[in-house]
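**Student:** with the input below, show me the fold.
(chains A and B)
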Amino acid sequence: MLEDQVLIWKFKRGSSDALCRIYQKYKNDLLRLATILLNDVSDAEDIVHDVFLSFAQSGKTLKLSGNLRSYLLTCVANRARNKNWANQRRRTVGLDEAELVVSDTKRPDQWLVCSEELRHWSDTMAQLPYEQREVVILHLRAGMKFRQIAKVQDISVNTVKGRYRYALNKLRSILNGEVEK
Amino acid sequence: MRSTENIRRLIRNLNLDVRTNPEADRRVLQDLLQAKEKSQETVSASASPKIRRLKMFARVRSWKVAAVIAVVLGAGAISVVGVNIGRIYYWGKSADGTHHIFYSKGPSGDGFTTMDANGVTDVEQARRDLEEMEILSQQGKKELLRVEETMMNGTVEMRTHEYRYELSDGRTSDMREGVKWGGGFDNKERWQEWRQLKEAGPGKDLGTYEETVDDRVFSFKRERYVLGDGTEIIWSVGTPKDGQ
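**Tutor:** The predicted structure is shown next:
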């Protein structure tokens, strides 16, 4: 936490080393979150790239009220939500009927290399409605409180708790189904 | 059978390993460093007092205030005002309790923006968003979505542009910004009468016309209203012709 404050202080004064350190420190967390939220490696890479790019450009104008990790994770969640809406709109008009999946094929320029387990969990989480998936991931993996998630999603805390409850129930039935098979 | 509690624990403790390709890492880092350098140049230019200020849906009294400050307080004061460029201050709620008012101060422009109380859950966050939008506006990073123009007895009385901003944390925010204000609607009764007429139903359809705004062709739909005192109001709403 203190290290982050020093990094931010240096970054705002133009330190490239601080930017590199922030990037190295949080890139995996961000890529992991984006991958589970979107279940698509290319989209996840794009979003994390954009978040870091926007962060790099923010420089002196950056104003953080919370901690850096939460800020970056929230940025990823916001962009992932926008991307999800855009993908949904595209599918609604029938331009792309293909299912979103974590790609198995490796591209030469691929940035992110997923583990089997991440791939499996992305597929599992993709069976939840996006809003529920976001609540579960932000709460259990990003460590955000329901109150913070409510603020990010611009909904009430009770709605967040409801989504969380529905999501866990659905996950339970999905995972129990897998066990029975 | 797994219980909900087990699933909660399972997700929390998952060891989801990710690795990144070192070559791609280098490329991304290079992009970031370039972006940082570029933005430092841009920010220093945009912080210049000569750059046009954002005027958010506001009456513009800028030059008068700037002139008064210059005359009364002298050069020392001007530099202090210069430092305050881009600062947005929370002003409070208006008397009807439905709006939050933000006040923006600078040497070339004063302005205020009104925000629906329902749209503001966190005053400090809203204030920071406005500051960021002001910087984005100065950098030209905004998309024009809609133009509204009101003519009163043949003269353009009010013109507003609705812009979309993409904030650094990925949220988008739409903002109506005043481009012109003639003062004819300073008469509250006249303003309210027109609002009531609009709410009652569309005015007389005067057809459409096209106009290029910010290098983009907009299609404007025009409607005519006549107030009780005979004042003719023509209201035009323009949306991008390409529909994007």
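**Student:** what sits against residue B:153?
**Tutor:** Contact analysis of residue B:153 by Cβ atoms under 8 Å, 6 or more residues apart in numbering or on different chains lists B:231, B:232. (C-beta placed from N, C-alpha, C; glycine too.)
**Student:** do the same with the one 10 residues further on
**Tutor:** Residue B:163 makes contact with B:137, B:142, B:143, B:144, B:145, B:174, B:175, B:177 under the criterion Cβ under 8 Å, 6+ apart.
**Student:** cutoff 10 Å now
**Tutor:** Residue B:163 makes contact with B:54, B:56, B:133, B:136-137, B:141-146, B:173-177, B:214, according to Cβ atoms under 10 Å, 6 or more residues apart in numbering or on different chains.
**Student:** which among these count as buried?
**Tutor:** Buried subset of the contacts of residue B:163 (neighbour count, 16 or more other Cβ atoms under 10 Å in any protein chain shown): B:54, B:56, B:133, B:136, B:137, B:142, B:144, B:145, B:146, B:173, B:175, B:177.
**Student:** what residues does residue A:26 make contact with?
**Tutor:** A:4, A:48, A:51, A:52, A:55, A:68, A:69, A:71, A:72, A:73, A:76.
**Student:** swap in 6 Å and give it another go.
**Tutor:** Residue A:26 makes contacts with residue A:72, as judged by Cβ atoms under 6 Å, 6 or more residues apart in numbering or on different chains.
**Student:** again with residue B:172
**Tutor:** Applying Cβ under 6 Å, 6+ apart, the residues near residue B:172 are B:164, B:166.
**Student:** at 8 Å instead, please
**Tutor:** Counted by Cβ under 8 Å, 6+ apart, residue B:172 has contacts A:82, B:164, B:165, B:166.
**Student:** before we move on, what about residue B:191?
**Tutor:** With Cβ under 8 Å, 6+ apart, residue B:191 has these contacts: residue B:185.
**Student:** likewise residue B:222?
**Tutor:** B:205, B:206, B:207, B:208, B:209, B:234, B:235, B:236.
**Student:** the helix or strand hosting it pairs with which strands?
**Tutor:** Assigned by DSSP states H and E, residue B:222 falls within strand B:216-226. Applying DSSP bridges, strand B:216-226 is found paired with strand B:204-213 (antiparallel), strand B:232-240 (antiparallel).
**Student:** the least confident helix or strand in chain A by mean pLDDT: what's the following helix or strand?
**Tutor:** Within chain A, no helix or strand scores below strand A:112-114, which has a mean of 69 by mean pLDDT, DSSP states H and E. Moving toward the C-terminus from strand A:112-114, the next helix or strand (DSSP H and E) is helix A:116-125.
**Student:** going by neighbour count, which residues of that next one are buried?
**Tutor:** For helix A:116-125, the neighbour count (16+ other Cβ under 10 Å) marks A:118, A:119, A:121, A:122, A:124, A:125 as buried.
**Student:** ok, these vs chain B, which is closest?
**Tutor:** In terms of Cβ to the nearest Cβ, no member of these lies closer to chain B than residue A:118, at 4.4 Å.
**Student:** which one is the closest one nearest to, not counting chain neighbours?
**Tutor:** residue B:16 (4.4 Å; Cβ to Cβ, 6 or more residues apart in numbering or on different chains).
**Student:** give the contact list for that neighbour.
**Tutor:** A:32, A:36, A:115, A:117, A:118, A:121.
**Student:** quick check, it in a helix?
**Tutor:** No - going by DSSP: H, G, I helix; E, B strand; the rest coil, the assignment for residue B:16 is coil, not a helix.
**Student:** for it, give me phi and psi.
**Tutor:** phi -90, psi 100 (degrees, to the nearest 10).
**Student:** just give me the neighbour total for residue A:87.
**Tutor:** 16 (other Cβ atoms under 10 Å in any protein chain shown).
**Student:** over to residue A:23?
**Tutor:** 19.
**Student:** mean pLDDT added to the strands paired with strand B:216-226, as a markdown table?
**Tutor:** Formatted as a markdown table, the strands paired with strand B:216-226 follow (pLDDT from 0 to 100):
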| stretch | mean pLDDT |
| --- | --- |
| strand B:204-213 | 89 |
| strand B:232-240 | 91 |
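**Student:** average pLDDT across stretch B:192-200?
**Tutor:** On average, the pLDDT along stretch B:192-200 is 85.
**Student:** now do stretch A:80-99
**Tutor:** pLDDT averaged over stretch A:80-99 gives 64.
**Student:** pLDDT at residue B:87, what is it?
**Tutor:** So residue B:87 comes in at 56 (pLDDT).
**Student:** please apply the same query to the one 3 residues further on.
**Tutor:** Reported pLDDT at residue B:90 in the predicted model: 63.
**Student:** where do the domain boundaries of the chain fall?
**Tutor:** No chain was given, so I picked chain A. What automatic domain parsing lists as the domains of chain A is A:1-99+A:108-114, A:127-181.
**Student:** not quite, I wanted chain B
**Tutor:** B:51-139, B:142-244.
**Student:** what's the least confident stretch among those?
**Tutor:** When the domains of chain B are ranked by mean pLDDT, domain B:51-139 comes last with a mean of 51.
**Student:** rewinding a little: now for the domains of chain A, which one comes closest to residue B:199?
**Tutor:** domain A:127-181 (27.1 Å; Cβ to Cβ).
**Student:** can you redo the contacts of residue B:222 as CSV with neighbour count?
**Tutor:** Below are the contacts of residue B:222 laid out as CSV (neighbours: other Cβ atoms under 10 Å in any protein chain shown):
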residue, neighbour count
B:205, 10
B:206, 14
B:207, 8
B:208, 12
B:209, 12
B:234, 19
B:235, 22
B:236, 20
